[in-house]
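Chemist: Make a model of this:
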Amino acid sequence: MSQALLPAKPGAIPPDDALRARARAVIPGGLWGHLNAARLPEGYPQYFASAEGCRLRDVNGREYIDFMCAWGPVVVGHRHPAVEAAARRQAGQGDCMNGPAPVLVELAELLVGTVAHADWALLAKNGTDATTACVTIA
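Modeler: Model prediction:
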């Protein structure tokens with residue numbers, strides 16, 4: 001069990017607060033970008049210890065339902081057994097190759113075959129690539 005999940009002693013700094021303080025010493029603003037919870041109400045969780053299915057647990061031991069689906073990509077829940085098995089299989093073949101794997105073509109074929117009005121599928125690895133593609137098409 002992570003030390004952060006152990007019950008805090010009376011008067012002790014909660015694990016989330018301690019992590020925020022440590023982060024401010026080594027990360028600009030304590031956490032960069034939209035995930036920084038510093039401006040949110042007191043007690044809002046910044047650091048999470050685990051997730052399974054639709055549930056998240058913060059480092060203070062509180063449990064939440066993840067209505068955000070990890071900001072979109074976790075539509076079948078955290079640590080879904082079939083997704084985890086597929087990721088392990090792919091990682092066993094290569095995790096950062098210099099070009100795409102055959103699963104890229106297989107996924108594009110599945111998308112085009114599933115979406116009636118889709119003739120092509122374009123996959124992007126991040127928002128910048130997706131935005132660049134949209135601007136190029138426009």
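Chemist: residues in contact with stretch 99-117?
Modeler: Residues outside stretch 99-117 that contact it (C-beta atoms under 8 Å, 6 or more residues apart in numbering): Gln90, Gln93, Gly94, Ala118, Asp119, Trp120, Ala121, Leu123. Backbone N, C-alpha and C define where each C-beta goes, glycine included.
Chemist: Stretch 78-92 now?
Modeler: Ala51, Glu52, Gly53, Cys54, Arg55, Leu56, Asp66, Ala70, Val76, Ala101, Val103.
Chemist: Count the residues that sit near the fifth one.
Modeler: Here the number of neighbours of Arg55 (other C-beta atoms under 10 Å) works out to 13.
Chemist: Compare the contacts of stretch 99-117 and tell me which is most surrounded.
Modeler: Tallying neighbours with other C-beta under 10 Å puts Ala121 at the head of the contacts of stretch 99-117, with 16 neighbours.
Chemist: Show the contacting residues for that residue.
Modeler: Ala121 touches Leu107, Ala108, Leu111, Val112, counting by C-beta under 8 Å, 6+ apart.
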